[in-house]
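Enquirer: quick one: sequence and predicted model below, then my questions.
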Amino acid sequence: MSQAAFEPRSEVPAIEVHDLTVAYRTQPVLWDVDFRLPEGELIAIVGPNGAGKSTLLKAILGLVEPLTGRVEVFGAPYRRRRSWVGYVPQRESVDWDFPTTALDVVLMGLYGRVGWLRRPSRSHTKRALECLEHVGMRELAGRQISQLSGGQQQRVFLARALAQDARLYLMDEPFAGVDVTTERAILSLLEELRSQGRTVVAVHHDLQTVAEYFDRVVLLNMRLIAEGPVATTFTDENLQRTYGGRLTVLARAAETLLENRRLDAPPEESTLARREGRGPWS
Amino acid sequence: MELTFTARNVLLGATLLGAVGGVLGSFALLRRQSLLGDALSHAALPGVCLAFLVTGSKDPLPLALGALGAGIAGSLTVLALVRWSRIKEDSAIGIVLSVFFGLGIVLLTHIQRLPGGNQTGLDKFLFGQAATLMERDLQVMAILGAAVMVLLGLFYKELKLITFDRAFAQSLGLPVRALEGLLTLLLVTVVVVGLQTVGVVLMVATLITPAAAARQWTDSLGWMLVLAGGVGAASGATGALASASVAHLPTGPVIVLVASAVLVVSLLAAPRRGLVRAWLRERGVEQRIRRENLLKDLYRTGEEARTDPYRLVPLPHLMGLRGQAFGALRATARRLERQGLLSSHDDTLSLTTEGFREAEAVVRKHRLWELYLTRRLELASDHVHRDAEAMEHALSDDDVARLEELLGHPETDPHGRPIPPAPRQPGGAPPSRGEATP
Amino acid sequence: MSPTLVVLTVGSLVGASCALVGSFLVLRKMALLGDAISHAVLPGIALAFLLTGGRAALPMVVGAGALGLVTVFLVELFNRSGRLAEDASIGVVFPALFSLGVILISRYASQVDLDLDCVLYGEIAYTPWDVWLVAGRSLGPKALWVNGAILLLDLALVTLFYKELKLSTFDPELAAALGFSPVLLHYLLMGAVSVTVVGAFESVGAILVVAMLVVPPATAYLLTERLGRMLALAVGIGVASAVVGYFVARALDASIAGAMAVVAGSMLAGALALSPSHGLVARALRHRRLGRWLTGRIVLLHLRSEGSPVSRDALRERLGWTRGRSRRLSGILHELETRGWVTRETEGLRVTAEGARAAEEHGGA
């Protein structure tokens, strides 16, 4: 599956984000975000929930309309660079009970090449199988995706991305909810991509592993807090600025208590007795 | 069987509708838009009435076009309501369904009061009066049905992708909105095709029920479409034939009941997803666990007393160990007896040599796991029992071999009790009967 | 009572009771379960009719109530099996039950006056003459008694269980933690819906009941934030739809029930457009204002970080605003100037001290 290594294109950064502001209805989600990311590195986007990380990816892909600002991928708007970019959405954004096989999902990555009105050819299928092989899923190619574990599903998504043979990969939480073995496998895959001159920008949820896995980090909390190499940017101070000020557990409990009074509920019940995960009709 | 002209028409119409409905319905089902189909079928009514008012004719083609237009308007209204207000999707569907239908009824009753407004003409769309299907109706249905299938075939892989992973499709540059619009258009078309046969209310079942049935039998979208079309066609044909042979049996409802019956059977009996199979599998596992627990309890009772491992243990004692009911325990014991793993006298049980070996295997798994938890994960020794109770039934022989290697072939568990050695190893033979263990 | 008054009263009673229970359906995102119930009660009515041999109200209400609960139970069953999503469960259960009802009626009751068309859109115009005879004496139109009783029932439910319904609607987990059984409340509510539906059946039919259940509450939902007010508004709008609908139907010589639904729909459309808090017009204005305000802040931030003056074109390019949007930019710049936050110089625009402060002011969420 390997390709010749990509030669970096002189001084053009992989991604350039200019003064990006995105608002959803009346709430700003990204505020005046501005940065440049070089080619050939593994870059993490990190920040608390609701910080706009997924929105940032979507803005780069042209899936959301910004209020102001623009994004360039290798020096041009996304729609001119589509074939250079591969997107790996969050695993939970998809209904895995859909009747289709792992191979089929990977083939979907090639639809751009297959074209309208045509069916995937034998060579497309061969390529898809190679990509599955590369992530260790060749034997499960015919398996229905709902029968795959979380780690296996993530691998299928990655195989699909590999099939796109892109120069830049945008991944939304690729390490979330996978077992240790899969995590190691994903990491070595990313490192292989980097050695081929490709770029990976990934929204990452686990602060513990940022420094170990990635070269650069973008710290985001609606605004850009900091961006740069992990060694100099992923500091306590920056983390404090990114995550500090969010509600702590106690503050949230206090908030809930106040809410209860509005609903005329008996105020003496402890909201810390809230059960988790109970559906309304259980 | 001799079919009248009408019955033949009904048969053709119902079968055609069933096939096309099943196929399109599969997409509606997978997109979680089952009830949108319901809204669209109700919304079509004002379109039919308006078409009549404008053209003055009851020719099916303009009526179909009117229904099409109204259906499209309905779907756009649902979208608009959800997008531009805080109204949620289910309410939006309910609103469009009832208000458009209300408008349709107003127009219908108004038409009926007009001079020459023939009553039996238009209200057949409410309940479907398949018996009124004419050649011309069938022609229109066939053309529309064929158009739907062709378009579906041309854009199959793209429609599949936008249903499965919309964001990824967008990132590839697919015109997702246009494709979704196409799918909705196809859905409206099928609704229009079926209105006269099954009527407004039952349309949704024509779409969804065969698709839901098909889903239980296959994990491939292609086969699901084929199966759904087949189930739909078969339900349609059966319904048509049944209502032709029996008096006072309207076609639409029979089709729906046939399809529903197929669905229920599919839910219960389908090989992998079927509920009956799943229940049987679970029960099988439950019972295996009970048997292994009983063997283990017998073993441990013998071990604790440090006497004859084949001692006779009274049932009440065993009941007390896990709080099991007498009847359940006896049933488990009988099963084990039939397998030759224990023998019973009155109300006491004892292990056979075979049973001893089996029990040893379970105990081994339990104690190895406990050791693993304490040594590798550094859990306290009084915290590991419960986990091991569960894991002992789930570990395979491979797992056990690997555990042994990992832990360096240990001899005692965290509580100081001996770990039974693997079978066919020195010291692994079960003690012969009558021998007391030191 | 004049016939017109009877019809108006019955319509209002139906509108009011539907609005009460329907509000909770809308808030709980169960509008379509209400739709399902309204169709699925048909076999219950048919059975009651066949078993009692008459059209007495009580057996019908009981039959319908039972069927309503059966519907809810079956939908849950299909959904819980894990093999069918919730919307699909609804979509397969109610047509099957409805078909059962149609077949029962066609086979065993077609001679009698259980008119199927009526099932779908009712005939409220006949209610003044359908009187309740007790021992040979007329106690007045049946529909008044039935729907009046149902309204009282719904009122009782809503007042007695107001707290519990409110809590379990907005925060089911907390409700469960506090000991209110959400399942019980759910079935209680659905039972009330079933009973309300059957009462309305005769007046407006199965499908238009859905209009009364969903449309006035949805309209009220666009007009207020508070539950109590929403209920009151919904009832008011329901009654208004019934009354106005009647007169519209008279004028057009068309179905009264249909007209009620259309009137309700127009009121919704009106609220949608004009609601001060949630209407489209208000939203569009607010969105524009926010857009301008956010952009204004960004411009200020830029100018501040640049230090030296920036020309308009450079600013436009920086923000990525081209063509159509650039006209809006002019408007925004003009406003910034008027407020004294930006000054225009020969080389371009420069931020003032106040402007720099104003930019900081919001600075984020």
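Expert: Perfect, I can see it now. Numbers count the residues shown, from 1 in each chain, chains lettered A, B, ... in the order given.
Enquirer: show me the contacts for residue A:33.
Expert: Neighbouring residues of residue A:33 by Cβ atoms under 8 Å, 6 or more residues apart in numbering or on different chains: A:17, A:19, A:20, A:21, A:52, A:56, A:69, A:220, A:223, A:224. Backbone N, C-alpha and C define where each C-beta goes, glycine included.
Enquirer: revised request: answer the last question for residue C:43.
Expert: C:67, C:97, C:98, C:100, C:101, C:104.
Enquirer: of those residues, closest to chain B?
Expert: Nearest to chain B among the contacts of residue C:43: residue C:98, at 5.8 Å, using Cβ to the nearest Cβ.
Enquirer: show the pLDDT at the closest one.
Expert: Looking at residue C:98, its pLDDT stands at 91.
Enquirer: repeat that for residue B:352.
Expert: So, for residue B:352, pLDDT stands at 85.
Enquirer: ok, it - contacts?
Expert: B:310, B:340, B:341, B:342, B:343.
Enquirer: phi, psi of it?
Expert: In terms of degrees, to the nearest 10, the main-chain angles of residue B:352 are phi -90, psi 180.
Enquirer: pLDDT averaged over the longest helix along chain B - what is it?
Expert: For chain B, the helix with the greatest residue count under DSSP state H is helix B:176-217. Averaging pLDDT along helix B:176-217 gives 92.
Enquirer: does chain A sit close to the helix or strand following it?
Expert: As assigned by DSSP states H and E, the chain's next helix or strand after helix B:176-217 is helix B:221-245. Yes. Helix B:221-245 reaches chain A (Cβ under 8 Å from any Cβ of the partner chain) through B:221, B:224.
Enquirer: what angle separates helix B:221-245 from helix B:176-217?
Expert: 70 degrees (axes from the mean of the first three to the mean of the last three Cα atoms, to 10 degrees).
Enquirer: quick revisit: now the contacts of residue A:33 as a markdown table including neighbour count?
Expert: Shown next, in a markdown table, are the contacts of residue A:33 (neighbours: other Cβ atoms under 10 Å in any protein chain shown):
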| residue | neighbour count |
| --- | --- |
| A:17 | 23 |
| A:19 | 19 |
| A:20 | 24 |
| A:21 | 23 |
| A:52 | 25 |
| A:56 | 29 |
| A:69 | 21 |
| A:220 | 24 |
| A:223 | 21 |
| A:224 | 21 |
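Enquirer: any idea which of these is closest to residue A:44?
Expert: Top of the list for closeness to residue A:44, among these and by Cβ to Cβ, is residue A:220 at 10.3 Å.
Enquirer: for chain B, see how far away the closest one is.
Expert: Residue A:220 sits 20 Å away from chain B when distances are taken as Cβ to the nearest Cβ, to the nearest Å.
Enquirer: wait, does the helix or strand that contains that residue make contact with chain C?
Expert: Residue A:220 belongs to strand A:216-221 when assigned by DSSP H and E. No. Applying Cβ under 8 Å from any Cβ, one finds strand A:216-221 separated from chain C by no less than 8.7 Å.
Enquirer: list the buried residues in the very next helix or strand once past that strand.
Expert: Next helix or strand after strand A:216-221 toward the C-terminus (DSSP H and E): strand A:223-229. By 16 or more other Cβ atoms under 10 Å in any protein chain shown, the buried positions in strand A:223-229 come out as A:223, A:224, A:225, A:226, A:227.
Enquirer: and stretch C:183-198, by the same measure?
Expert: For stretch C:183-198, by 16+ other Cβ under 10 Å, it's C:185-198.
Enquirer: ok, residue C:147 to chain A distance?
Expert: 30 Å.
Enquirer: point out where chain C drops to low pLDDT.
Expert: Along chain C, segments meeting pLDDT under 70 span C:54-55, C:110-120, C:202, C:319-326, C:360-365.
Enquirer: can you pull up the most central residue in it?
Expert: residue C:218 (2.7 Å; Cα atoms, centre = their mean).
Enquirer: which residues does that one contact?
Expert: B:87, B:91, B:95, C:26, C:268.
Enquirer: okay, the angle between the strand holding residue A:220 and strand A:223-229?
Expert: With the same axes, to 10 degrees applied, the angle from strand A:216-221 to strand A:223-229 works out at 170 degrees.
Enquirer: point me to the residue of the stretch 251-365 of chain C nearest chain B.
Expert: For the stretch 251-365 of chain C, Cβ to the nearest Cβ, closest residue to chain B: residue C:261, 2.5 Å.
Enquirer: pLDDT score assigned to whichever residue of the stretch 51-200 of chain A sits closest to chain C?
Expert: Across the stretch 51-200 of chain A, the shortest distance to chain C (Cβ to the nearest Cβ) belongs to residue A:70, at 3.5 Å. At residue A:70, the model reports a pLDDT of 86.
Enquirer: cool, and the one 4 residues further on?
Expert: Each residue has a pLDDT score; the one for residue A:74 is 92.
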